[in-house]
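Enquirer: sequence and predicted structure, then a few things I'm wondering about:
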Amino acid sequence: MKYTVLVNKENKIKNNYLDKCNLINTINELNEKIQVEENAYNNFLKLKEFLKSKNIYIDIDDSYRSINRQEELYNHYLENNGQEYCDNYVADPGYSEHHTGLAIDIMLKINDRYIREDMDLLEYRDIFEEIHKNLHKYGFILRYPKEKKTITGYSYEPWHFRYVGEFPAKIIYENDLCLEEYMKDFGTILYINKPKDVTSFDVVNTISKNFGIKRVGHTGTLDPLATGVLIVTVGKACKIVELLTSKDKEYIATVELGYETDTYDNTGKVLNKCEIPSNLNIKEILNSYKKTYMQEVPIYSAVKKDGKKLYEYARENKKVELPKKEVTIKEIELLENNNNTFKFKCLVTKGCYIRSLIHDIGKSLGVYATMTDLKRTKQGNITITDTDSINDINNLKLHSIVDTLNYQKIVVETDLEKKISNGMPINDNWNILDKVIFINKNSKLLAIYSKENNILKSFKNFT
């Protein structure tokens, strides 16, 4: 299930939510029946045990509530405490975090007595500060932090914890966010070293699941056979996918001569075989491909023709005229040459298929050529040494949009910040060549602007 589900004053719990939520029944130390989502409860027990080692004793005061139970509580507090109290501390039925089973209100045990009333708990700020700095280690966040009321809609509740999973909790804690900020405004870029035999979509899906954020994309597909640099955008960073996709890419490819397949690589069905001449001048042919030319897209690709993906035609054994794209091979270098195999490195523009390049090189050599290995070693300024393993998800480095894009950065004052936040055109007073990144005095990303004549116009707004 998705542990970052957002339920607040604007987002009502979905009617079918409990279909995917595994609630368990337990009893707290006051012998009261409690229902909690299973994973949240197991991690709460670990947190409780850890705090015990620091002589801090907590237990669950409340967790899952049905809509009917929330209605009873709301009416009780409305009658006894008034509307203002309810607005600050009590959610309307259907809009409470407690409907998720992931929210836990705790009580403190002080001098063998449990403290559970809200106003009484507020007196133990020092104890709560010690608790709060350890929550993320067990997948919890402080749901309603200080100074976030304008965002969360609720006053500071040091006793209200929310399970979101270890990785999101770590990000939220380290960046001083609340859950609304994380789900709506967070954006980051990951440099992944894609392993062999997984798809680019598999990587995206893994990251989406671990971050608890649906909006995740990548900036250039790598086939399952291929490894290497895969830049992944999360949340707001998906706005700049096109800027990263357009960057040149560097590859190291291995080629086997003497046969061709329907996919142009060794995962496909062998279509033809041939003898390999002994006098092939591979280096000379490679050098001849340092050029711009119209490259035919391989039929086993996701490029669409008449609204249908090419690989769908292939699977249906239907003939189709393959589209061609202009590509540029900026650099190409022979690295190894061993009998019927060779390895080369190349730097190419957006849209170039290395499988097709190898197929074309084979034609120029007068033999069949098939790709047997491919590694993307660079995309734009990001190299293979900058990447992280997807298998070590909790230690992925997060890269900001500002740091990833190689554009001039300008810090603006308040008046100009308002204009930029509203997407207004502004004069180019900085002699910008192409695009510029505007940030405010607090290092918050405002927008990317693009130059048109002598005017800067909003290209991507992040406010």
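Expert: Structure received.
Enquirer: and the contacts of whichever helix or strand residue 151 is part of?
Expert: Residue 151 belongs to helix 149-152 when assigned by DSSP states H and E. Helix 149-152 is contacted from outside by 8, 88, 143-145, 155-156, 178-181, using C-beta atoms under 8 Å, 6 or more residues apart in numbering. In short, each C-beta sits where N, CA and C put it, glycine included.
Enquirer: quickly name whichever of those is closest to residue 459.
Expert: Ranked by distance to residue 459 (C-beta to C-beta), those are led by residue 181 at 23.6 Å.
Enquirer: tell me the secondary structure for the closest one?
Expert: Secondary structure, DSSP: H, G, I helix; E, B strand; the rest coil: residue 181 is helix.
Enquirer: also residue 201?
Expert: Per three-state DSSP, residue 201 ends up helix.
Enquirer: and if you look at the one 3 residues further on?
Expert: Reducing the assignment to helix, strand or coil with three-state DSSP, the entry for residue 204 is helix.
Enquirer: what's near enough to touch it?
Expert: 216-218, 232.
Enquirer: can you say which of the contacts of helix 149-152 are buried?
Expert: Burial by neighbour count, judged by 16 or more other C-beta atoms under 10 Å, picks out 8, 143-145, 156, 178-180 from the contacts of helix 149-152.
Enquirer: let's see which of those residues end up in helices.
Expert: 179-180 (DSSP state H).
Enquirer: thinking again about what came up before, which members of the contacts of helix 149-152 are the farthest-apart pair?
Expert: Checking the contacts of helix 149-152 with C-beta to C-beta, the most distant pair is 88 and 181, at 19.6 Å.
Enquirer: can you give me the buried ones in the strand ranked longest in the chain?
Expert: What stands out as the longest strand in the chain, according to DSSP state E, is strand 324-338. For strand 324-338, burial by neighbour count (16+ other C-beta under 10 Å) applies to 325, 327-329, 332.
Enquirer: cool, and stretch 164-176?
Expert: Neighbour-count burial for stretch 164-176 [16+ other C-beta under 10 Å]: 164-173.
Enquirer: nearest residue to residue 168 in space, please, no chain neighbours.
Expert: Of all residues not flanking residue 168 in the chain, residue 212 sits nearest, at 4.9 Å (C-beta to C-beta, 6 or more residues apart in numbering).
Enquirer: what about the one you found, neighbour count?
Expert: For residue 212, the neighbour count with other C-beta atoms under 10 Å is 20.
Enquirer: for the buried residues of strand 324-338, which one is nearest residue 60?
Expert: For these, the closest approach to residue 60 (C-beta to C-beta) belongs to residue 325, at 59.4 Å.
Enquirer: what's across from the closest one in the sheet?
Expert: For residue 325, the beta-bridge partners under DSSP bridges are residue 295.
Enquirer: and the pLDDT for it?
Expert: Looking at residue 325, its pLDDT is 92.
Enquirer: so who does it touch?
Expert: 294-295, 297, 351-352.
Enquirer: a markdown table for those residues, including neighbour count and distance to residue 102?
Expert: A markdown table is the format used below for the contacts of residue 325 (neighbours: other C-beta atoms under 10 Å; distance: C-beta to C-beta, whole Å):
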| residue | neighbour count | distance to residue 102 |
| --- | --- | --- |
| 294 | 9 | 54 |
| 295 | 21 | 50 |
| 297 | 18 | 46 |
| 351 | 16 | 44 |
| 352 | 21 | 46 |
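Enquirer: for those, which one is nearest residue 433?
Expert: For these, the nearest to residue 433 is residue 351 (23.9 Å; C-beta to C-beta).
Enquirer: can you tell me the SS state at that closest one?
Expert: Residue 351 ends up coil, using three-state DSSP.
Enquirer: backbone phi and psi for it, please?
Expert: When quoted as degrees, to the nearest 10, the phi and psi of residue 351 stand at phi 90, psi 0.
Enquirer: which stretches of the stretch 251-400 of the chain form helices?
Expert: 282-288, 310-315, 354-365 (DSSP state H, counting those that start in this stretch).
Enquirer: so who does the closest residue to residue 336 other than its chain neighbours touch?
Expert: Closest residue to residue 336 apart from its sequence neighbours, by C-beta to C-beta, 6+ apart: residue 343 at 4.2 Å. Listed by C-beta under 8 Å, 6+ apart, the contact set of residue 343 reads 252-255, 334-337.
Enquirer: export those to a markdown table and tack on pLDDT and distance to residue 33?
Expert: Formatted as a markdown table, these follow (pLDDT from 0 to 100; distance: C-beta to C-beta, whole Å):
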| residue | pLDDT | distance to residue 33 |
| --- | --- | --- |
| 252 | 98 | 62 |
| 253 | 98 | 63 |
| 254 | 98 | 63 |
| 255 | 98 | 67 |
| 334 | 97 | 73 |
| 335 | 98 | 68 |
| 336 | 96 | 69 |
| 337 | 95 | 74 |
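Enquirer: please convert the residues you listed to TSV, extending it with distance to residue 290.
Expert: Output for the contacts of residue 343, formatted as TSV (distance: C-beta to C-beta, whole Å):
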residue	distance to residue 290
252	16
253	15
254	20
255	17
334	12
335	15
336	19
337	18
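Enquirer: in those residues, find the pair that's most separated.
Expert: So, those by C-beta to C-beta: farthest apart are 252 and 337, at 14.1 Å.
Enquirer: closest to residue 390 out of the buried residues of strand 324-338?
Expert: The closest of the buried residues of strand 324-338 to residue 390 turns out to be residue 327 (C-beta to C-beta; 28.3 Å).
Enquirer: separation between the closest one and residue 348?
Expert: Separation of residue 327 from residue 348 (C-beta to C-beta, to the nearest Å): 6 Å.
Enquirer: before we move on, what about residue 195?
Expert: 22 Å.
Enquirer: neighbour count winner among those two?
Expert: Set residue 195 next to residue 348 and count neighbours by other C-beta under 10 Å: residue 348 wins out with 21 against 16.
Enquirer: tell me if I'm right that that one and residue 326 touch.
Expert: No: counting by C-beta atoms under 8 Å, residue 326 is not a contact partner of residue 348; they are 11.7 Å apart.
Enquirer: still on that earlier bit, among the buried residues of stretch 164-176, name the ones in helices.
Expert: Short answer: the buried residues of stretch 164-176 in helices (DSSP H) are 166-173.
Enquirer: with pLDDT and distance to residue 46 added, can I get those in a markdown table?
Expert: Shown next, in a markdown table, are those (pLDDT from 0 to 100; distance: C-beta to C-beta, whole Å):
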| residue | pLDDT | distance to residue 46 |
| --- | --- | --- |
| 166 | 93 | 11 |
| 167 | 93 | 16 |
| 168 | 96 | 17 |
| 169 | 97 | 13 |
| 170 | 95 | 15 |
| 171 | 95 | 20 |
| 172 | 97 | 18 |
| 173 | 96 | 16 |
